[in-house]
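1. mind folding the following:
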Amino acid sequence: TGQRGGDCVKMLWSHYDGDLIEVVQSKGGKRLKIPAHRELMALLEEIPKRAAVILTTRTGRPWRQRYYEKQVQETVEACGFKGYSLHGLRRNATARMLEAGCSYSEVMAITGHSTTAMVERYGQEVNQERMARSAITKLERPENGN
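-> Just a heads-up that it's a prediction; the model follows:
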């Protein structure tokens with residue numbers, strides 16, 4: 001969902017209707033309705049509904065943010081990635097949407113960023129590569145002598 005860890009641990013089953021997840025962000029209080037990615041929908045279908053919150057321990061207790069951060073870190077490392085932080089995953093979600101061709105407004109509709117400046121900051125590498133490729137494509141056009 002591209003949300004902060006603190007917002008993920010507060011997500012309730014009642015906020016998910018099988019298609020959209022409604023989030024009220026703790027930073028700024030912005031209310032978002034985020035369509036669930038098909039992979040997230042499949043995962044949510046597998047999770048037992050033991051409590052009001054979505055993320056619970058095996059015993060049904062709500063995750064705390066530190067536990068969430070630890071679980072994310074262990075999962076990321078188990079997948080072979082090192083050096084990722086929870087915030088890095090939020091940044092990565094932003095970059096992935098930009099790589100997919102999403103506009104800044106579309107990214108902001110998911111992440112809840114208030115300004116394009118933050119999205120731009122997170123997506124500098126993506127934009128740099130895209131702009132560089134665009135420049136080379138233009139230079140290689142036949143009308144430019146190539």
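2. report how many residues lie close to residue 76.
-> Neighbour count for residue 76, taken as other CB atoms under 10 Å: 18. C-betas here are computed from N, CA, C, even on glycine.
3. and for residue 40?
-> The burial count for residue 40: 14, using other CB under 10 Å.
4. quick one: residues contacting it.
-> Applying CB atoms under 8 Å, 6 or more residues apart in numbering, we find residue 40 in contact with residue 1.
5. so it, which of the three states?
-> Three-state call for residue 40 (DSSP: H, G, I helix; E, B strand; the rest coil): helix.
6. and residue 33, bridged to which residues?
-> Residues in a beta bridge with residue 33, per DSSP bridges, are residue 22.
7. what about residue 17, neighbour count?
-> Residues near residue 17, counting by other CB under 10 Å, number 11.
8. residue 50 too?
-> Neighbour count of residue 50, defined by other CB under 10 Å: 15.
9. A helix includes it, no?
-> No: applying three-state DSSP, one finds residue 50 to be coil, outside a helix.
10. pretty sure it is touching residue 63, no?
-> No: with contact defined as CB atoms under 8 Å, residue 50 does not reach residue 63; the gap is 11.7 Å.
11. hey, what's in contact with both of the two?
-> Common contacts of residue 50 and residue 63 (CB under 8 Å, 6+ apart): residue 56.
12. report all helices and strands that the worst-scoring helix or strand of the chain on mean pLDDT contacts.
-> Least confident helix or strand, the chain: helix 86-99 with a mean of 83, by mean pLDDT, DSSP states H and E. If you count contacts as 3 or more CB pairs under 8 Å, 6 or more residues apart in numbering; DSSP states H and E, helix 86-99 packs onto helix 65-78, helix 104-111, helix 116-122, helix 124-139.
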